[in-house]
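Novice: Predicted model and sequence follow; I will ask about them next.
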Amino acid sequence: MVIRTDRLSFHFGDQQVVKAVSLEVPQGSIYGFLGPNGAGKTTTIKLLLNLLHAENGTIQIFDKDLQTNRIEILSQIGSLIEQPAIYGHLTGKENLCNRALLLQVPAERVDEMLELVRLKAAANKKASQYSLGMKQRLGIALALLSDPKLIILDEPTNGLDPNGIIEVRQLLLRLVKEQGKTVFVSSHLLAEIERMATHVGIINHGDLVFQGTIEELSGLSKPLVQIELDNGVDAANLLNRSGYTVGEVRDNIIFLPYISKEDTGKLNALLNQNNYMVYSIGKVQKDLENLFLDITQNT
Amino acid sequence: MGFWSSVVFPLLIVGMIFIGFLTSPGNAAKLPGVALWMIYILPISAIMNFLLPMYIIFTSYSVNAIEHKADTWKTLFTLPISKWAVYSAKYAFNVFLVLLCLILFYLFIIGSGNLLGVLKPDLKFYDYHIEGYLAKVFAKLFLVSLGITSLQFLMSLLWSDFLKPMGIGFVCTIAGLISVGVNWQYNYYIPYAHPALAMTGLRNNGKSAHSQGMPQFTVDMFTKEVYVSLIVAAAVFILGFLIVQKKSVK
């Protein structure tokens, strides 16, 4: 495991922000760290970077304890936390050169990074004049400058336009695939994460409510029977009286738990016998977006 | 900003005095070299009591504000650099700016005084060499400024706004000046009073002795306020590091 935390806890004042979170981030994975705003994502990331000190629990990165191996571990991590921290009075290139000097990285890396995040044309423009998307891209370039093994990004696509989001996604996929990096990326948007993540952790109110592969997350989704018909409410009452558990009724569409093909056939026959006009009937899978909402709303 | 203020501040003040002497020398031409130099540096020594602490307040703020404004503390502390290196480098730069400012003051005074002597040969600046004495005066000013520098540096590091370190520094400077004004016996415990004490001490204790007909001024370098300043500087510097080491970056 690249990151392994054991019952990590932290509170601000009276508020417990992170509650016994045990993360497991395998090497070579893109770990999507999901949760609504205020769920404790940034706090967890700050704990992982030793900016905040955990009250309880341990953090191991690259199988080493973070407290006792801080500098060695940080030398292998590139990070971007919340909005990118950039010196506005310097140009984009100067920001990178300044960081290269601090990290003793060869100056050629600066141009490579500018190329990578497509900021070459704006390299000599003051960073204060950059758009939010450009600042975010410069932040990503700063995180990647030292060629780290682990990249920790907190909401990296904030403020990016659709093209920018796609670029960042492709860049992260490429880094993992071609260079064997591990990426830990937080977001409150599942749609963004499900397109690239291999593993997912969902945090809500400081609790890690789900952790596993993206396939395991999809597996949590129970199949449903979706029936579209002429009078949804009456039909739902009929099904309830007949011993079925109707889940949701929406605009003459009824959802019930899927049991089997035969059972679906019986449902159709029952409705027909009672003079309901069935327009369509079939098995559907709940999408991840709804699953995410279910998980975060039920905790 | 801190760097340029260290250059502009002495340039502006010495420049004004230079222009004053150049345009309206008054009866300065009648004075011997030694008295001329003393009159030339008098305005600087008078305003240093107040301006040096205020300059330190400003420069300490600017050294830390650059990180507060760009929100880069969190980045600095996630780099593979020890907290000690980040903290001590920042502090060293702060001290360097104060030193640079005082050195420039010294160089501008000597340079402009000699330039005046060339431009207006009736002003007998060339009659006396003040370089050695003035260097000791500024060395002492540097030593007594270290206590204030440590205090202001720590306040500016912990608080992102200008008002808190500025307000506290300003009030302490006024309190320090009053304590010197009323000659309070323990005023040397107040770091903000140290520049004024150092300058007052020079006036009171600047011994003169005649050597080959020329008065010689001496500076009593290691006085009580210098020791207190150095102790406060070291203690607050260490305290600051302990705070930085424990502090969370939110």
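Specialist: Good, I have the coordinates.
Novice: In chain B, what residue lies closest to chain A?
Specialist: Sorted by distance to chain A under C-beta to the nearest C-beta, the residues of chain B start with B:P80, at 3.5 Å. Any C-beta I mention is one placed from the backbone N, CA and C, and that applies to glycine too.
Novice: Quick one: neighbours of the closest residue to A:P26 other than its chain neighbours, just the number.
Specialist: Nearest non-adjacent residue to A:P26, counting by C-beta to C-beta, 6 or more residues apart in numbering or on different chains: A:M1, 5.9 Å away. When neighbours are counted by other C-beta atoms under 10 Å in any protein chain shown, A:M1 registers 15.
Novice: again with A:V168
Specialist: A:V168 is flanked by 22 other residues according to other C-beta under 10 Å.
Novice: B:A46 too?
Specialist: Neighbourhood size, B:A46 [other C-beta under 10 Å]: 12.
Novice: do A:Y258 as well
Specialist: By the other C-beta under 10 Å criterion, the neighbourhood of A:Y258 contains 17 residues.
Novice: what do you get for A:I81?
Specialist: Look at A:I81: counted by other C-beta under 10 Å, it has 23 neighbours.
Novice: Leaving out sequence neighbours, find the closest residue to it.
Specialist: Leaving aside its sequence neighbours, A:I81 sits nearest to A:D154 (C-beta to C-beta, 6+ apart; 4.8 Å).
Novice: do A:G282 as well
Specialist: Closest to A:G282 by C-beta to C-beta, 6+ apart is A:Q226, at 5.9 Å.
Novice: do A:L220 as well
Specialist: Leaving out its chain neighbours, the residue that sits closest to A:L220 by C-beta to C-beta, 6+ apart is A:L291, at 6.2 Å.
Novice: residue contacts, the residue nearest the centre of chain A?
Specialist: When C-alpha atoms, centre = their mean is applied to chain A, the residue found nearest the centroid is A:G32 (3.5 Å). Shown in contact with A:G32 (C-beta atoms under 8 Å, 6 or more residues apart in numbering or on different chains): A:V185, A:S186, A:S187, A:I193, A:E194, A:M196, A:A197, A:H199, A:V200, A:G201, A:I214.
Novice: Just confirm it is within a strand.
Specialist: Yes - A:G32: assigned to a strand according to DSSP: H, G, I helix; E, B strand; the rest coil.
Novice: Could you check the pLDDT of it?
Specialist: At A:G32, the predicted lDDT confidence score is 93.
Novice: ok, residues contacting stretch B:16-26?
Specialist: Identification of contacts with stretch B:16-26 by C-beta under 8 Å, 6+ apart yields B:A28, B:Y40, B:P43, B:I44, B:S112, B:L115, B:L116, B:L119, B:K120, B:D122, B:L123.
Novice: try 7 Å
Specialist: Applying C-beta atoms under 7 Å, 6 or more residues apart in numbering or on different chains, the contact partners of stretch B:16-26 are B:A28, B:Y40, B:P43, B:I44, B:S112, B:L116, B:L119, B:K120, B:L123.
Novice: What parts of chain A come near chain B?
Specialist: Taking C-beta under 7 Å from any C-beta of the partner chain as the contact definition, chain A meets chain B at A:49, A:51-53, A:71, A:74-75, A:79, A:81, A:83, A:85-88, A:102-103.
Novice: In those, which has the lowest confidence score?
Specialist: Lowest confidence among the residues of chain A next to chain B: A:Q83, with 80.
Novice: so where does A:Q83 fall, helix or strand?
Specialist: Using DSSP states H and E, A:Q83 falls within no helix or strand.
Novice: which residues touch it?
Specialist: Going by C-beta under 7 Å, 6+ apart, A:Q83 touches B:D71.
Novice: hmm, try it at 10 Å
Specialist: A:L132, A:K135, A:Q136, A:G139, A:D154, A:E155, A:N158, A:G159, B:D71 (C-beta atoms under 10 Å, 6 or more residues apart in numbering or on different chains).
Novice: Check the gap between it and B:Y192 for me.
Specialist: Using C-beta to C-beta, to the nearest Å, A:Q83 is found at 37 Å from B:Y192.
Novice: For A:T58, give me the pLDDT.
Specialist: For A:T58, the model assigns a pLDDT of 91.
Novice: right, I mislabeled it, should have said B:I148
Specialist: 95.
Novice: picking up where we left off before, quick one: contacts for the residue nearest to A:L220?
Specialist: Listed by C-beta under 10 Å, 6+ apart, the contact set of A:L291 reads A:L190, A:I202, A:F210, A:L217, A:S218, A:L220, A:S221, A:K222, A:Q285.
Novice: check which helix or strand covers it.
Specialist: Element membership of A:L291 [criterion: DSSP H and E] is helix A:288-297.
Novice: which ones are touching the residue of chain A found nearest chain B?
Specialist: As assessed by C-beta to the nearest C-beta, chain B sits closest to A:S75 within chain A, at 3.5 Å. Neighbouring residues of A:S75 by C-beta under 10 Å, 6+ apart: A:N69, A:L103, A:S146, A:P148, A:K149, B:L79, B:P80, B:I81.
Novice: And the buried ones among these, selectable in PyMOL?
Specialist: Listed next is the PyMOL selection for buried residues among the contacts of A:S75, using 16 or more other C-beta atoms under 10 Å in any protein chain shown:
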select buried, (chain A and resi 103+146+148+149) or (chain B and resi 79+80+81)
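Novice: Which of the contacts of A:S75 fall in strands?
Specialist: Among these, no residue falls in strands (DSSP state E).
Novice: burial measure for B:P25, as a count.
Specialist: For B:P25, using other C-beta under 10 Å, the count is 16.
Novice: A:E215 too?
Specialist: Neighbours of A:E215 (other C-beta under 10 Å): 10.
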